[in-house]
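# For reference, the sequence and a predicted model appear below.
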Amino acid sequence: MKKYLKLMRVKHYLKNFLIFLPIVFGQQLFDYNKVILCLLGFLSFCLVASCVYIINDIRDVEKDRKHPVKCKRPIASGEISKKAAIVLLVILLIISIILNAGIYFLTNNILVLAGVGVEAFYFFMNIFYSFGLKNIPIVDVVILVLGFVIRVLYGSIICDIRISKWLYLTIMSGSFYMGFGKRRNEINMQGDKSRAVLKKYTKEFLNNFMNIFLTLSIVFYSLWCVDDSTIQRFGNGYLAITIPILMVILIKYSLTLERADCTGDPVDVLYNDKIIILLAGLLALTMFGIIYFL
């Protein structure tokens with residue numbers, strides 16, 4: 001069972017909690033029906049994301065076998081056959097479709113089908129990524145960024161909650177920062193041999209755009225916190241006090257990226273940096289208190 005969970009990349013399900021952002025910032029976290037919809041959407045998106053990882057592993061199996069780390073992946077190592085992986089892929093897709101059907105019947109809202117379309121777009125976008133788009137500079141990072149934005153959009157659609165443009169821009173710029181950071185650290189650790197696209201990047205280019213999107217992330221988040229519509233929605237302007245916390249998180253994240261053993265993968269950084277986990281917890285608790293109790 002463990003090898004199948006490894007193939008599904010369960011630890012990357014952390015990204016899918018972005019689906020809950022609309023109900024959190026829409027002040028509907030205690031709405032039972034909305035929470036159920038988000039949980040179903042979360043599970044559906046997790047399974048679709050796992051399908052993407054399985055397709056990528058099947059596609060790159062020969063290349064992975066020559067890689068010092070990726071050779072340990074279940075298909076590359078021979079723990080799971082391609083046939084078994086394909087069977088799992090089909091099962092996960094069917095369950096995901098059933099979960100989306102459940103969301104539709106619970107809401108009885110035709111607009112929910114747009115959420116299915118968004119999820120399908122994510123799936124096919126990543127298939128194209130696996131089959132060649134990952135080798136095109138800039139496009140490879142844009143697809144990574146779209147993956148984060150789509151998760152928020154999907155949560156927004158299935159729960160019928162609008163999200164502030166500033167919040168979308170914050171997530172987008174933060175994703176660009178992490179995406180370029182991942183590419184830079186891949187070059188630092190393995191040169192340009194692990195990905196063909198790395199030959200088309202330079203560390204100076206990646207560093208420059210990391211700095212640009214790091215700055216934009218703070219600016220967009222700050223604009224969201226002090227925006228009149230945000231203050232009106234929450235009935236106070238106290239979210240501004242969370243800006244320094246976010247700044248410290250990003251500073252610590254940047255410092256962690258400088259470590260020689262850091263892959264730059266956002267999930268790995270979050271799982272392995274206890275200080276970032278504590279700071280993220282502080283930010284979440286502070287925001288929760290301001291949004292729901294002040």
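That came in fine, so what should we check first? Numbering: from 1, shown residues only.
# give the contact list for residue 177.
210, 213, 214, 217, 250 (Cβ atoms under 8 Å, 6 or more residues apart in numbering). Any C-beta I mention is one placed from the backbone N, CA and C, and that applies to glycine too.
# what is the mean pLDDT for whatever helix or strand it lives in?
Using DSSP states H and E, residue 177 falls within helix 165-190. Mean pLDDT, computed over helix 165-190, is 93.
# how far does it sit from the chain's center?
Centroid displacement of helix 165-190 relative to its chain, using Cα atoms, centre = their mean, to the nearest Å, is 11 Å.
# next structured bit after it?
Next along from helix 165-190, by DSSP H and E: helix 203-226.
# For that following helix, which residues meet the burial criterion?
206, 209-210, 213-214, 216-218, 220-225 (16 or more other Cβ atoms under 10 Å).
# Buried residues, the lowest-mean-pLDDT helix or strand in the chain. List them.
Among the helices and strands of the chain, helix 61-65 carries the lowest confidence by mean pLDDT, DSSP states H and E, at a mean of 77. Buried residues in helix 61-65, counted by 16+ other Cβ under 10 Å: 61, 64.
# helices or strands up against that helix?
helix 74-77 (3 or more Cβ pairs under 8 Å, 6 or more residues apart in numbering; DSSP states H and E).
# mean confidence for the biggest helix by length in the chain?
What stands out as the longest helix in the chain, according to DSSP state H, is helix 32-59. Mean pLDDT, computed over helix 32-59, is 94.
# chain center to it: distance?
Per Cα atoms, centre = their mean, the centroid offset for helix 32-59 relative to its chain is 12 Å.
# Could you do stretch 25-39 as well?
Centre-to-centre, stretch 25-39 and its host chain are 20 Å apart (Cα atoms, centre = their mean).
# re earlier: of the contacts of residue 177, which is the nearest to residue 120?
residue 213 (27.9 Å; Cβ to Cβ).
# just checking, that closest one touches residue 171?
No. At 11.4 Å, residue 213 does not count as touching residue 171 under the criterion of Cβ atoms under 8 Å.
# quick revisit: adding pLDDT and distance to residue 20, write the buried residues of helix 203-226 out as CSV.
Formatted as CSV, the entries for the buried residues of helix 203-226 read as follows, by pLDDT from 0 to 100; distance: Cβ to Cβ, whole Å:
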residue, pLDDT, distance to residue 20
206, 95, 31
209, 97, 29
210, 97, 27
213, 98, 24
214, 97, 25
216, 98, 24
217, 97, 20
218, 97, 23
220, 98, 20
221, 97, 18
222, 97, 23
223, 97, 22
224, 97, 17
225, 96, 19
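# which one of the contacts of residue 177 sits closest to residue 110?
Of all the contacts of residue 177, residue 110 sits closest to residue 217, with 35.3 Å by Cβ to Cβ.
# For that closest one, which residues are in contact?
170, 173, 174, 177, 250.
# Can you lay out the residues you listed as TSV showing distance to residue 155?
Converted to TSV, the contacts of residue 217 look like this (distance: Cβ to Cβ, whole Å):
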residue	distance to residue 155
170	15
173	19
174	17
177	21
250	23
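# Check what pLDDT residue 194 gets.
At residue 194, the pLDDT recorded in the model is 66.
# now residue 67
For residue 67, pLDDT reads 69.
# Show me how the record splits the chain into domains.
1-163, 164-294 (automatic domain parsing).
# roughly how far apart are residue 218 and residue 24?
Remark: distance between residue 218 and residue 24 (Cβ to Cβ, to the nearest Å) = 20 Å.
# Number of residues surrounding residue 56?
Using other Cβ atoms under 10 Å, residue 56 has 20 other residues around it.
# now swap in the one 10 residues further on and tell me
Close neighbours of residue 66, defined as other Cβ under 10 Å, add up to 10.
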